Each structure stands twice: as C-alpha cells, then as structure tokens.
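[1] Okay, sequence plus prediction incoming.
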Amino acid sequence: MKEESLLASMPKLILAISLIVGIGTVAGAMIYYLKMPKNKVVNNNKIEQKAVQDETVDWKTYRNEKYGFKVKYPADWKEENNRLYSPEMYNVRERGSLSFSLMITLNSSFNSIDEELEYQGKCKENVFHYTINGKEIAGYSNACDFYEEKIIIMIVEDQMVEGISYSFSDESKIISQILSTFKFIEK
C-alpha cells in the first residue's frame with residue numbers, strides 16, 4: 001500500500017521538481033541578462049560601445065570662447081595658440097616645423113560632408129567615414145596641398161566643423177574621437 005501511495009504521488013513530485021528547476025533557470029537567465037554590458041544599436045546596424053565615452057573621461061577640455069565651442073583631447077596632448085599637439089607633434093613644433101595635430105575651424109562654405117568631399121574632387125585621397133558617439137565623421141588627405149594636410153569633417157547643429165592636421169603620422173582615428181566630443185557653448 002505504501003508503494004501504491006508513493007507511485008501515486010510520483011507525478012506530483014516530478015512536477016514540483018520540474019517547476020523548481022524551471023523557475024531557477026528563468027531567474028538565472030534574468031540575472032545574467034541584467035549584468036551583461038549594454039551596447040546601443042545605431043544607424044546602419046553599427047554597434048556603439050558605451051566604453052567610447054569612458055575613454056575620454058580623463059581627457060582635458062579645450063574651450064574657444066571666440067567661436068563658442070569646446071572639445072576634449074587626450075591628457076598627454078598640449079594646447080598652444082589654438083592648436084592641439086600630440087606629444088610627437090609638439091616635439092616637431094619646437095624644431096620650427098609647420099606641423100600640428102589638430103586645428104579646429106568652423107566652415108560655412110558647405111552644407112554637408114558630401115558637398116565638401118565633392119568640391120575637393122581629385123585633391124582628396126584616402127577618404128574615410130566613421131560613426132562615433134552617433135556622429136558621422138569623414139576625412140581625407142588633401143593631395144593638392146604641399147604639406148598634404150589631413151582634414152576631418154563633421155556636422156554639428158547644422159554647422160560644418162573641420163579638424164585640420166599637419167601631422168606626419170596618421171592620427172585620424174584619435175582626431176575623429178576628439179571631434180566627436182565637440183560641443184557648442186553658451187557665449
């Protein structure tokens with residue numbers, strides 16, 4: 001009789017164990033999902049990591065009160081006479097050479113990145129496009145310029161912002177990241 005009663009309660013016991021295992025699995029999956037780092041999907045299914053913003057936390061801020069903007073730049077860079085210098089370019093500057101890592105200008109001649117790229121025609125080489133912090137950034141080397149300046153452009157609040165570089169090495173990725181922090185300030 002005991003065996004019959006045990007066999008009769010077996011389905012209830014299996015159901016109870018299955019229910020406990022199921023609840024544990026769902027709870028574990030929820031905890032795992034909540035602790036995963038979050039990525040944000042932006043246009044063209046590109047993934048933008050939140051860590052990109054974190055990389056600029058310890059950066060310095062350059063403010064240009066005359067033109068009403070600010071931008072962040074790496075802590076080991078130097079600012080002098082409205083130009084930013086990477087450590088490499090700062091040493092070159094001291095030897096009297098025309099070179100700097102970044103000069104930021106506002107350009108009202110063009111309404112879009114494509115318009116400027118089209119205007120440059122055969123002078124543009126090594127064209128690239130990035131999306132950083134949700135901002136479209138493009139750049140190119142000016143082959144018609146004696147010093148082969150590198151120009152990086154983006155649009156902020158309907159205003160074209162240009163970063164011009166006379167760096168010997170290709171600093172376009174870091175300059176693009178610097179420009180992605182560009183903000184207009186209240187005058």
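    Alright, I've got the coordinates. Numbering: from 1, shown residues only.
[2] OK, contacts around the nearest residue to Cys144 once chain neighbours are set aside?
    For Cys144, ignoring the flanking residues on the chain, the nearest one in space by CB to CB, 6 or more residues apart in numbering is Cys123 at 3.7 Å. All C-beta atoms are positioned from the backbone trio N, CA, C, and that covers glycine. By CB atoms under 8 Å, 6 or more residues apart in numbering, Cys123 lies in contact with 142-145.
[3] Asn133: which of those is nearest?
    Closest approach to Asn133 among the contacts of Cys123 (CB to CB): Asn142, at 25.6 Å.
[4] And for that closest one, the neighbour number?
    16 (other CB atoms under 10 Å).
[5] For beta bridges, what are the partners of it?
    Lys124 (DSSP bridges).
[6] hey, where'd the helices end up in this structure?
    All helices of the chain, identified by DSSP state H, fall at 2-35, 51-54, 87-93, 113-120, 172-179.
[7] hey, which helix or strand in the protein has the poorest pLDDT?
    Within the chain, confidence by mean pLDDT, DSSP states H and E is lowest for strand 39-42 among all helices and strands, at a mean of 43.
[8] Identify each buried residue in stretch 179-187, please.
    Neighbour-count burial for stretch 179-187 flags 179-182 (criterion: 16 or more other CB atoms under 10 Å).
[9] what comes into contact with that stretch?
    Contacts of stretch 179-187 (CB under 8 Å, 6+ apart): 52, 56, 59, 63, 65, 68-72, 104, 132-133, 135, 137, 152, 154, 156-157, 159, 161, 163.
[10] Gly139: neighbour count?
    26.
[11] Count residues in the vicinity of the closest residue to it other than its chain neighbours, would you?
    Residue nearest to Gly139 in three dimensions, not counting chain neighbours: Ile152, with 3.8 Å by CB to CB, 6+ apart. Residues near Ile152, counting by other CB under 10 Å, number 24.
[12] so who does Ile152 touch?
    Ile152 neighbours (CB under 8 Å, 6+ apart): 137-139, 162-163, 165, 172, 175-176, 179.
[13] State the distance from the residue nearest to Ile178 when sequence neighbours are not counted to Ile14.
    Leaving out its chain neighbours, the residue that sits closest to Ile178 by CB to CB, 6+ apart is Tyr73, at 5.2 Å. For Tyr73, the distance to Ile14 equals 65 Å [CB to CB, to the nearest Å].
[14] and these two? which has more neighbours close in?
    Legend: neighbour count by other CB under 10 Å for Tyr73 and Ile14, higher for Tyr73 (24 against 10).
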